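1. Any chance you could fold what I've pasted below:
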Amino acid sequence: MNEPSDPFDDVRRRILPAALEIAAFDGFTASMMARAGAEAGVSQAEIAAAFPRGGRDLVAYWSGEADGASAAALRGEAAQGLKIREKVALGVEARIAYLRPHKESARRAAAFLALPLNAPTGARLVWNAADAIWRAMDDPSTDFNFYSKRAILSGVISSTMARWFADDSEGENDTKEFLSARIENVMQIEKVKAKIRKSGFDSAGMWGWLAKMRYREER
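-> Predicted coordinates:
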């Protein structure tokens, strides 16, 4: 049985382009949301319903769209036959490609999420980005490995995005090289697993229980 769609998805889609144009100059403020709503023909009541936490919810929505771009790339023909490290790189690069038309707004969003009040949201969004990539790769892990993969990739994504924000090299080659080097962190997962097995840690205990909770019902 299909779940009902969110009635405010259309509002979010309509306001996002206008918001990103304005946020490049004004940041993710209440006044930016109001201006974007006016340009998109969205009422303040609709904005409040679609984005109850204002700019935080708008950034979260935008990040979720970027997650979708990563997943789409990894499920497309370009990912066929690639090695794991190549797929991870493809997923991160697809995220950057999606954000590139609004790079300054992405910088503003990162600064916005770095504020103490918004930091928990920022951490969750990076985790979701890593999770989207591993899920799109049909990652079968269900134990401690599930968490270690996402934790490591979260670090790769965060550091690569920071490098991208400052990258003015031709074709953003510096970011590509940086990402390639950081991917090696992801490939250390097997070493981490080996150390945990040697330590005698029971991953079937706490981590195994948490793994059963890893995928919430989609909304």
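2. For the residue nearest the centre of the chain, report the pLDDT, please.
-> The central residue of the chain, meaning the one whose C-alpha is nearest the mean C-alpha position (C-alpha atoms, centre = their mean), is Ala129 at 2.8 Å. Residue-level confidence at Ala129 comes out at 98, pLDDT.
3. Could you do Asn185 as well?
-> 67.
4. got the residue ranges for the helices in the protein?
-> Along the chain, counting by DSSP state H, helices occupy 9-26, 30-40, 44-50, 55-74, 84-99, 103-113, 119-136, 144-165, 173-186, 189-199, 206-211.
5. Check which helices and strands the fifth one sits against.
-> Okay, so that is helix 84-99. helix 55-74, helix 119-136, helix 144-165, helix 173-186 (3 or more C-beta pairs under 8 Å, 6 or more residues apart in numbering; DSSP states H and E). The way it works is simple: take the backbone N, C-alpha and C, and place the C-beta from them, glycine included.
6. Report the rounded mean pLDDT for it.
-> Summarised as a single mean, pLDDT over helix 84-99 is 96.
7. End to end on stretch 26-46, go ahead and measure it.
-> Distances were taken as C-alpha to C-alpha, to the nearest Å; on that basis the terminal residues of stretch 26-46 are 21 Å apart.
8. and Gly54, what are its phi and psi?
-> Its backbone dihedrals place Gly54 at phi 60, psi -130, with angles given as degrees, to the nearest 10.
9. mind checking how far it is from Ser70?
-> Applying C-beta to C-beta, to the nearest Å, the value for Gly54 to Ser70 is 25 Å.
10. for Gly122, same thing?
-> Note on Gly122: its distance to Ser70, by C-beta to C-beta, is 17 Å.
11. Of the two, which one has the most company?
-> Under the neighbour definition other C-beta atoms under 10 Å, Gly122 and Ser70 were set side by side, and Ser70 has more, 26 against 20.
12. From Met33, how far off is the more buried one?
-> From Ser70 across to Met33, the span is 26 Å (C-beta to C-beta).
13. got it, and Ala66?
-> As it turns out, when the distance is counted by C-beta to C-beta, Ala66 lies 19 Å from Met33.
14. Domain boundaries for the protein, per the record?
-> What automatic domain parsing lists as the domains of the chain is 8-52, 59-211.
15. Which of those domains has the lowest mean pLDDT?
-> Summarising mean pLDDT across these, the least confident stretch is domain 59-211, with a mean of 88.
16. Would you pull up how far that one lies from the middle of the chain?
-> On the basis of C-alpha atoms, centre = their mean, to the nearest Å, domain 59-211 sits 7 Å off its chain's mean C-alpha point.
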